[in-house]
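[1] predicted model, plus sequence, below.
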Amino acid sequence: MSYKVGIVGATGAVGQELIDLLHDREFPMESLTLLASSRSAGKTITRGDKTWTVAEVTPEAFDNLDIAIFSAGGGTSLALCLEAAKRGCVAIDNSSAFRMEADVPLVVPEINAEAMRGHKGIIANPNCSTAVALMGLYPLHEAFGLKRFFAATYQAASGAGASAMAELEAQMRAWAKGEEMVAEKFPHQLAVNLFPHVDKFLDNGYTKEEMKMLNECRKIMSLPGLRASTTCVRVPVLRAHSIAINAEFERPVDVAKAREAVAAFAGAEICDEPAENRYPMPIDFSGKEKCGVGRLRIDTAFDNGLSLWVVGDQLWKGAALNAVQIAEALVEMDAVAPA
Ligand code: A2P
């Protein structure tokens, strides 16, 4: 069995990775349709000996698709995911538009693929920092029972899209030449700087991004009582996010057992030899399927606490890879068609 697959936002940073990952992972595709805004209609995209012409996304585009992966912003998802589902095409949505809807599964396949059974045609892909953090937190939760955590993120420019990555690169070049740096995509200069501001500020003083970490972790791990407090920081890194986590558990913790639990988990690998200066870094975990977990240690502030550092490719586990893994899990569960 093979499927007619569409990518909405195919010209974007995540869309481009989706094209590669679907091919590299040999997703069973009968056809691949590349969709974006009217600005890109008619552009061509080439990989090896294959060339596609990008089309403007319209509701009718979904009539002839089985699976559409959306990565074109919340507005496009709100306007078109339901259209896709109505037309019998399952929408895997990278935006935050539907993540907290009760009848929309929010899925990290290594954790809760089963939540997709009986889906109604929309599957939500989690926030990038949440997905990466869970690659360290979830195996530890399984081992010790997660109670609460604090996190600080170090988020790459890629989370804000291809133009944001280009802006950071341009600023770095300008800085090296002593020229003026232009900040349009971000609220401030990002090169040789950072700012504790990702997504919009809310009335409670947190940003939307920070609240996603709490709310999405609760939903994905089915832990409605989980408590968490996060500070999200944009750093001058191109494409992998890093997250420092201090977590408290129900049961007594042990570093050796924690390492075993992480090492046995499909989405993560241990990278933790501090004496050798080995710990996960964005340059080593860009373009890598597994997220890196390191700096595992007994937390000095919590009882039954562990501190850890998780790094993962924002464009992959934080977006495109997780979306393709969702599609793969749907195929494996024979659940591509909405219930
Ligand atoms: P386009 O290139 O035509 O603007 P990124 O996250 O890297 O900024 O990419 C965003 C992606 O979402 C691009 O592929 C972009 O297409 C697409 N996109 C943005 N707005 C819309 C829209 N209103 N309708 C369809 N696609 C959109």
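    Thanks, I have it. Numbers count the residues shown, from 1 in each chain.
[2] list the residues that contact the residue in the stretch 101-250 of the chain that the ligand sits nearest to.
    Closest contact between the stretch 101-250 of the chain and the ligand, by CB to the nearest ligand atom, is at residue 161 (2.6 Å). Heads up, the C-betas are built off the backbone N, CA and C, glycines and all. Shown in contact with residue 161 (CB atoms under 8 Å, 6 or more residues apart in numbering): 12, 13, 185.
[3] can you tell me which of the residues you listed are in helices?
    Assigned to helices by DSSP state H, the following of the contacts of residue 161 qualify: residue 13.
[4] tell me how many other residues surround the closest residue to the ligand within the chain.
    Residue nearest to the ligand within the chain: residue 12 (2.1 Å; CB to the nearest ligand atom). By other CB atoms under 10 Å, 23 other residues sit near residue 12.
[5] would you confirm that it contacts residue 70?
    No. Using CB atoms under 8 Å, residue 12 is not in contact with residue 70; the gap is 10.6 Å.
[6] before we move on, back to that, need the contact list for the residue of the chain closest to the ligand.
    36, 71, 72, 161, 162.
[7] residues contacting the last one?
    Read that as residue 162. So residue 162 contacts 11, 12, 13, 16 (CB under 8 Å, 6+ apart).
[8] would you format those residues as CSV with pLDDT included?
    As requested, the contacts of residue 162 are exported to CSV (pLDDT from 0 to 100):
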residue, pLDDT
11, 98
12, 98
13, 98
16, 98
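[9] can you tell me how far the nearest residue to residue 104 once chain neighbours are set aside is from residue 330?
    Spatially, and ignoring its direct neighbours in sequence, residue 104 is nearest to residue 98 (4.4 Å; CB to CB, 6 or more residues apart in numbering). Plainly put, residue 98 is 16 Å away from residue 330 if you go by CB to CB, to the nearest Å.
[10] repeat that for residue 120.
    In terms of CB to CB, residue 120 sits 13 Å off from residue 330.
[11] go on, residue 252?
    38 Å.
[12] model confidence over stretch 38-52, on average?
    Per-residue pLDDT over stretch 38-52 has a mean of 97.
[13] quick one: terminal-to-terminal distance for it?
    16 Å (CA to CA, to the nearest Å).
[14] quick one: buried residues of it?
    40, 45, 52 (16 or more other CB atoms under 10 Å).
[15] returning to that earlier point: who has more neighbours, residue 252 and residue 330?
    residue 330 (23 against 9).
[16] ok, which stretches of the stretch 51-200 of the chain are helices?
    74-86, 109-112, 128-144, 162-177 (DSSP state H, counting those that start in this stretch).
[17] how about the longest one, does it reach the ligand?
    No. Judged by CB under 6 Å from any ligand atom, helix 128-144 and the ligand are separated, with a smallest distance of 11.5 Å.
[18] restricting to C-alpha, output that helix in PDB.
    Extracted in PDB, the C-alpha atoms of helix 128-144 (Å, rounded to 0.1, in the frame of the first residue of the first chain):
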ATOM      1  CA  CYS A 128       9.500  21.700  19.100                       C
ATOM      2  CA  SER A 129      11.000  22.400  22.600                       C
ATOM      3  CA  THR A 130       8.400  20.100  24.200                       C
ATOM      4  CA  ALA A 131       9.200  17.200  21.800                       C
ATOM      5  CA  VAL A 132      12.900  17.500  22.400                       C
ATOM      6  CA  ALA A 133      12.500  17.900  26.200                       C
ATOM      7  CA  LEU A 134      10.300  14.800  26.300                       C
ATOM      8  CA  MET A 135      13.100  12.700  24.800                       C
ATOM      9  CA  GLY A 136      14.900  13.100  28.100                       C
ATOM     10  CA  LEU A 137      12.000  13.500  30.400                       C
ATOM     11  CA  TYR A 138       9.700  10.600  29.300                       C
ATOM     12  CA  PRO A 139      12.100   7.700  29.900                       C
ATOM     13  CA  LEU A 140      12.900   9.200  33.300                       C
ATOM     14  CA  HIS A 141       9.200   9.500  34.000                       C
ATOM     15  CA  GLU A 142       8.700   5.800  33.100                       C
ATOM     16  CA  ALA A 143      11.500   4.900  35.500                       C
ATOM     17  CA  PHE A 144      10.800   7.200  38.400                       C
END
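[19] that helix - what's its average pLDDT?
    Rounded mean pLDDT across helix 128-144 is 98.
[20] thanks a lot, catch you later.
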